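# Build me a model from this:
(5 chains, ligands or ions: 4)
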Amino acid sequence: MVNLFLQQVINGLNVGSIYALIAIGYTMVYGIIKLINFAHGEIMMFGAYFAFIAATSFQMPVWAVLLLSMTIMAIIGVAIEFVAYRPLRNAPRLSALITAIGVSLFLQNLALIIFKPEPKVMPKIFPEMIIKIGSIEISSTTLITIGLSLVFMVLLDLYIRKTKQGRAMRAVSEDKDAAILMGVNVNRTISLTFALGSALGALGGVLYSVAYIQVYPTMGVMPGLKAFIAAVLGGIGIVPGAMLGGFIIGMVETLTKAYLSTTWADAIVFGILIIVLLFKPTGILGKNTREKV
Amino acid sequence: GCSSTGSSNDVIKLGFIGPTTGDAAIYGSSAEAGAMLAAEEINAAGGIDGKDVEIIAYDTKADQTEAVNAYNRLRDQDGVIAVIGGTLSGETLAMKDIMVSDNMPVLSPTATAVEVTQDAPNIFRACFLDDYQGAAAANFSADTLGAKTAALLVGAGNPYSEGVSKAFETAFVAKGGSIVGTESYGTTDKDFSAQLTKIKEMNPAVVFVPDYVQTVGPILQKAKEMGITAKFVGADGWDGVQVEYADAAQGNYFTNHYAADSPSQTVQDFITAYTTKYDKVPNSFAALGYDAVYTMVSAIKTAGSTEAESIITALAATEHAGVTGNLKFNENGDPKDKEVTIIKIDGGELKYEATVVN
Amino acid sequence: MLKVKDLNVHYGKIHAIKGVSFEVNEGEIVTLIGANGAGKTTILQTISGLLKPTEGVITFNGENVNKMPAHQIPVMGIAHVPEGRRIFADMTVYENLIMGAYIRNDKEQIDEDMEKIFLNFPRLKERIKQIAGTLSGGEQQMLAMGRALMTRPKLILLDEPSMGLAPLLVDEIFNMIQTVNDAGTTVLLVEQNANKALHIANRAYVLETGLIKLSGSARDLLVNPEVQQAYLGG
Amino acid sequence: MDKSKRRAYIINTIAIIALYIIFFVLIQTQTMNKYFIGIAILTCIMIIMAMSLNIVAGFLGQMALGHAGFMAIGAYSSASFSIALFNSGTELPNIVVLILAMAVGGTIAGIFGILIGTPTLRLRGDYLGIVTIGFSEIIRIFFVNFQPTGGAAGLKGITKLVNFNNVYWITIIVIILIFTLGRSKQGRAIISIREDEIASESAGIPTTRYKVLGFSMAAFFAGIGGALYAHYQAFLEPSKFGFMFSIEMFVIVVLGGLGSLTGSIISAIVLTILPEMLRGFAEYRLLVYSLVLIIMMIFRPQGIFGRSEFSLTTAIDALILRKNTKNTVDGGES
Amino acid sequence: MPVLSANNITMQFGGLTAVDKFNLNLEPHELVGLIGPNGAGKTTIFNMLTGVYVPTSGDIILNGQSIIKKSTHDIVSLGASRTFQNIRLFKDLTAVENVKIAYHNFIDYNMIQGMFRTKKFWIEEKKAQEECLKLLDIFDMGEYANTLAKNLPYGQQRKLEIARALASDPKVLMLDEPAAGMNPNETEELMNTIHFIRNKFDITVLLIEHDMKLVMGICERIIVVDYGKTIAEGTPDEIKNNPEVIRAYLGD
Ligand SMILES: Nc1ncnc2c1ncn2[C@@H]1O[C@H](COP(=O)(O)OP(=O)(O)OP(=O)(O)O)[C@@H](O)[C@H]1O
Ligand SMILES: Nc1ncnc2c1ncn2[C@@H]1O[C@H](COP(=O)(O)OP(=O)(O)OP(=O)(O)O)[C@@H](O)[C@H]1O
Ligand SMILES: [Mg+2]
Ligand SMILES: [Mg+2]
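Ligands and ions are numbered 1, 2, ... in the order given. Predicted coordinates:
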């Protein structure tokens, strides 16, 4: 029983770490331009497709697969911001949300036309091994997934909190004009944010597709939504919050399926989210600052 | 509209309805590909009395409202004389009432829900009903595999998966077997480790997983990784699993409409033509879409008219030897005495194993 | 040092600044006074690049400022304490000050400058870890000033720095401005509190609905009956 | 009622009747076939949905991304009601059954609006958005698993009661009611919350109560929309009421202009008809649709009408005025 | 009997005590100034008196009734309303609509009557319109009635906020830096207005202000706070010469 439980916890960590990676992208973009980048799930999907192509058609080594996918998606992320979001920078927030939805639909249907609806099977790009700890079995893929996610998350968090560029990001997210007055190049900072967020999204996509072996045009929708929930649960705009939220959603989801109900699993995840938000209206790590009047 | 007065003289227009975008795109686009292939072949062979068959296909996004709009448009704007579709049960049920009141000749290739054809003299279907192959799979498991225990792994919220597994359960229990457990997953789930972990503990002889390739593949893969030794049995949704998931599916069985290694010329020709045209292996949706068009065309030929009532009468009496077996209809419009073929996956190939008639 | 020539600024169809010319010489304190909505804030925002003029030229030390991207302007040595303070509300007081030094890389001198600022505004030192958004109005104004000084500007643009401050602090702020100026920073000051502004300024311009109506030495304007009538409440 | 108001009333009434007569003639002469009638009916239903969503999104200024959930409640409850009524062998005329079903659907959805709104409306912005997504997904999952209404396979056997005639008038009534709601003291209170919640409290508005009121009114009208939908489609699938449908409605409202009811109407018409016009593009349809969406938003970020309303009277005045200045020197009274 | 009194109210934010055992008694018809250095806790006191913040401890009595833990809108209907240090108007609504919102409680029809526009609706709306226009006229703002609040000049926005606060028919009116951003002439005019409305509506006014000309000019009594505590209280003359106040606040 205990073993079974631990096994499920590891499953939860596995999904959770992927959700966390994707959630970071949401949170970063949200933080800086207050936009829920609905297209983020599709960034993740395209990231997975590029990795798939690199790994199958070009037989690239794993580091090259990851690097390639992350780089291409970073560029695409920046391009999306430039074309679709930048013109709406000073428009009402919800208008930009609608373009984001448009971009998401666009990318999804573009993938459908380019890649066709049949799922492609993602090759196992990580060295294959089963690691036994006691009687618990963990596959190397799971360990690598969790490990890679953690490393990137920690690096990113340090980057944002400790470096000048990171501080500039926060400044832009709070008050663009004031940031300009400090000499911050706002456009470049926003582009950088999209690049980082999209690269992490792509990484999440690759890891997701390796874990669940498939790549298909609508694969970004569910994890995208879950990651978005994770970002909100943790306190949107806060990077550590996105990580925490990702792990919590992954864990709750897995344990609910294992011990409560599979049919109601999503409902239960949402239920927990709602309850948490009712008690902590700005997410778990969200600052509960009362508006000063 | 300009073409709202029935079909013009030189082409015979058929409608096709199914999802080609969104989550269910894979089903609609496969069935559509099969249907288009059939139309192409028919036209190459001279069409219907020299008139070309034109298939106008509309996407439904698997959305019931879209389906109704698509159907209305096919009827009023495009002036089709018959419809192949819908592809999913839900969308077909949404259109059913209007189709019935229009008395439109309809042949759904793949809608498996019982109600689709009930009280609808003009609606037919080419696929088995859920109970039909569920029972066949149960009989095969009990009789041929000699299984006494079975576990069910069901896609909750997926009527196909739920329907087929319910039929399996009834038939399996009737054969004296026992169902040791039922696990389910949601339609968008990708992680099946929790369920499989439990099934492993139940240690059944057979695990019945009626779902489509993209779900079954990962399930089989995970099961193999977890070292589950039970035989996995599935239904026609598995067709295609041999391509990408050959290793994981090795040695398992599913019920299907036809066997890829069948000596039948129709089957072999279809597989060759489809693979050539689309550069991929056909699945059961493609085969059924293909057969549906042939069957409909054959009925139109027999009717000798594009008039609805005569097509329906002809359809009811049609018998077509297609890829998916010999298709003729009972009084409901469902396939009668259709053979269920049991397929074994072996070395990345689908091997004929047995034929079951319920 | 700063030359504004024939400046025109529009908000959509609203013609807010209608051909304004003035200049600020090195080492001066120049003040712009005028009623609400006269266009003072608009002028400052145009100088610091937040708004683009529809016409006119702004040069700083001979270089054309309105041609360069806004974020380059602080690098040139122009700092702007905006109206309404615009501090980074979710950052701490310390982080706000560090943001002020964004364009600089001289770590030690940054620390030194910060200490100087704390000397002038001990309240900021007390609250160094407080989230800036929860500071009181006056505290925020001090922070905004401190943040701008962290850029080590040659010219500082101040937009109503005394707004909402306690009398004691108003005096302090004006002393500060004087100190900053004495230390070599040129000041362009926009004030509602015309009386105080004219007392510390060398020269002044009076702005009325987008046009410069009067200009001259601060001393002269202080005794100008028109100014007294309209802006000094006399 | 002053003179200009009375004039506006008369002009609008004439327009409504004229529009109806046009449709009536088109349908009677079969110039408009069933396909177009079907789209017209759906458009009416989407107008109701968009208008009702605008109460929360536009008036109240809250990001509500779960409108499909309330529609589902209205659709399922009204359909269950009418099925039960017909099973009991009622002799009531169809229109009465429809009205009763709408009342049931609207009321139950409204009650759920109160139940859901009361605890959640203290959340702000995106947090509220996600919670509304959550509730509407829970509602959908409930219907997937709830066998009495057919579960995942859907609810069958609903009598088709909606036709263009009745849906047209019902839509007109709903439009008028939501308009008048927006211009009553309650509407003003709701709008003031959007403008500044703290100031609104300080002006003596019980903001929580009005938030819940706005939310439940939106749910009520969404329930009515759902009831109409159920009795038009005569079949209900839970998957219809997913997240994407809520998003679709939200897109309509934002595109029309948050807070602009006429904007919602125009936008509902455009976005219901657009995908149908694009059918010819086959698999490129949604690609084109999404591009159109992006481009429209870039060129009209504040929505078609922003926050203002299109006014027939003003439009007519503008027309007349232009004519007058063209033809005569003295415009004069007209 | 005081209309509004605060007994030992304290407000803590985390470790910071912004207001420390503050006491206040406002008699009917008084015009009282609340002054003190920036960050002394003046706005926080307003926030507690109007229910925006709930005091960490202490009690507040309005018209003989404790309003601790009462919500802001209840406190408004009990007779205390306010303006904000940073103007908070309903920007996209017209001036008269801004006032009408605060007049809410005096408009008597329910939602159904409003949606179906019964006779009551028309009568009540007409009355509301007239009353609110009258109020705007008091501030010489009649011409701006249909101007969007955000398009009003700054000084008019300040006045509109006061008009809005008056629309709920308060017994105590609290003004947070009403003259901020105004030039001396505008301030002068505002002083007259405040005086006028105090007499016309027979209300008590409590105001925060840093403009000493205004405070000393119209207040009958002044309370000085520093670090959340009262450091002095008295007539303008007493305050002006209080060494403690000079040290902490006025400067010389
Ligand atoms: N964002 C804007 N959009 C439209 N008009 C604006 C905008 N900002 C300012 N204006 C208008 O431009 C004119 C000048 O405004 P500005 O803020 O520069 O005045 P100011 O002199 O700084 O006034 P104050 O003393 O109130 O700060 C005013 O008429 C104002 O209404
Ligand atoms: N929500 C809050 N969270 C934390 N600290 C706060 C909060 N609100 C106020 N404070 C602190 O409480 C103290 C009193 O603030 P308050 O705004 O009441 O000052 P004030 O007397 O109105 O000053 P000013 O004249 O500058 O407006 C300040 O130090 C401020 O930083
Ligand atoms: Mg200004
Ligand atoms: Mg204050």
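
# ok, A:Tyr212 - contacts?
By Cβ atoms under 8 Å, 6 or more residues apart in numbering or on different chains, the contact set of A:Tyr212 is B:190-191, B:218. In this view, the C-beta of every residue, glycine as well, is placed from N, C-alpha and C.

# switch the cut-off to 6 Å
B:190, B:218 (Cβ atoms under 6 Å, 6 or more residues apart in numbering or on different chains).

# Quick check: it vs D:Ile95, distance?
Noted for A:Tyr212: a distance of 52 Å to D:Ile95, by Cβ to Cβ, to the nearest Å.

# How many residues are close by B:Asp239?
B:Asp239 is flanked by 28 other residues according to other Cβ atoms under 10 Å in any protein chain shown.

# quick one, phi/psi of it?
When quoted as degrees, to the nearest 10, the phi and psi of B:Asp239 stand at phi -50, psi 120.

# quick one: the closest residue to it other than its chain neighbours and chain D, what's the gap?
Distance criterion Cβ to Cβ, 6 or more residues apart in numbering or on different chains; nearest residue to B:Asp239, sequence neighbours excluded, is B:Ser284 at 3.9 Å. As judged by Cβ to the nearest Cβ, to the nearest Å, B:Ser284 and chain D stand 20 Å apart.

# got it, and B:Leu196?
In terms of Cβ to the nearest Cβ, B:Leu196 sits 22 Å off from chain D.

# Would you mind writing the CA trace of the host helix or strand of that residue as CSV?
Using DSSP states H and E, B:Leu196 maps to helix B:193-202. Output of helix B:193-202 as CSV, limited to C-alpha atoms (Å, rounded to 0.1, in the frame of the first residue of the first chain):
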residue,chain,number,x,y,z
SER,B,193,-0.6,4.7,-14.6
ALA,B,194,-2.9,5.0,-11.7
GLN,B,195,-5.5,2.7,-13.3
LEU,B,196,-3.1,0.2,-14.7
THR,B,197,-1.4,-0.1,-11.3
LYS,B,198,-4.7,-1.2,-9.9
ILE,B,199,-5.5,-3.6,-12.7
LYS,B,200,-2.1,-5.2,-12.3
GLU,B,201,-3.1,-6.0,-8.7
MET,B,202,-6.4,-7.5,-9.8
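
# What helices and strands are in contact with that helix?
If you count contacts as 3 or more Cβ pairs under 6 Å, 6 or more residues apart in numbering or on different chains; DSSP states H and E, helix B:193-202 packs onto strand B:178-185.

# Helix or strand: which one has the residue in chain A positioned nearest to ligand 1?
Across chain A, the shortest distance to ligand 1 (Cβ to the nearest ligand atom) belongs to A:Asn90, at 10.6 Å. Under the assignment given by DSSP H and E, A:Asn90 is not contained in any helix or strand.

# The helix holding B:Leu196 vs strand B:178-185, what angle?
On the basis of axes from the mean of the first three to the mean of the last three Cα atoms, to 10 degrees, helix B:193-202 is oriented at 170 degrees to strand B:178-185.

# residues in chain C within reach of ligand 3, list them.
Contact residues (Cβ under 5 Å from the ion) of chain C with ligand 3: C:41, C:83.

# Check the secondary structure at the most centrally placed residue in chain C for me.
Per Cα atoms, centre = their mean, the C-alpha nearest to the average position across chain C is that of C:Leu158, at 1.3 Å. Classification of C:Leu158 using DSSP: H, G, I helix; E, B strand; the rest coil returns strand.

# And for B:Pro121?
Classification of B:Pro121 using three-state DSSP returns coil.

# mind listing the strands for the chain?
I went with chain A, as the question did not name one. For chain A, applying DSSP state E gives strands covering A:120-121, A:130-133, A:136-139, A:214-215.

# ah, no, chain E please
E:4-13, E:16-26, E:31-35, E:57-62, E:65-66, E:80-82, E:172-176, E:204-208, E:221-226, E:229-234.

# Return the most buried member of these.
With neighbours taken as mean count of other Cβ atoms under 10 Å in any protein chain shown, those reach their highest mean count in strand E:80-82, at a mean of 28.

# What segments of the chain are helices?
All of this refers to chain A. A:2-33, A:40-56, A:62-80, A:93-115, A:140-162, A:164-174, A:176-181, A:186-211, A:221-234, A:239-259, A:265-279 (DSSP state H).

# Please refer instead to chain D.
Remark: helices assigned in chain D by DSSP H are D:3-28, D:34-54, D:67-87, D:94-120, D:125-145, D:164-182, D:185-195, D:197-202, D:207-233, D:243-256, D:261-277, D:285-299, D:312-327.
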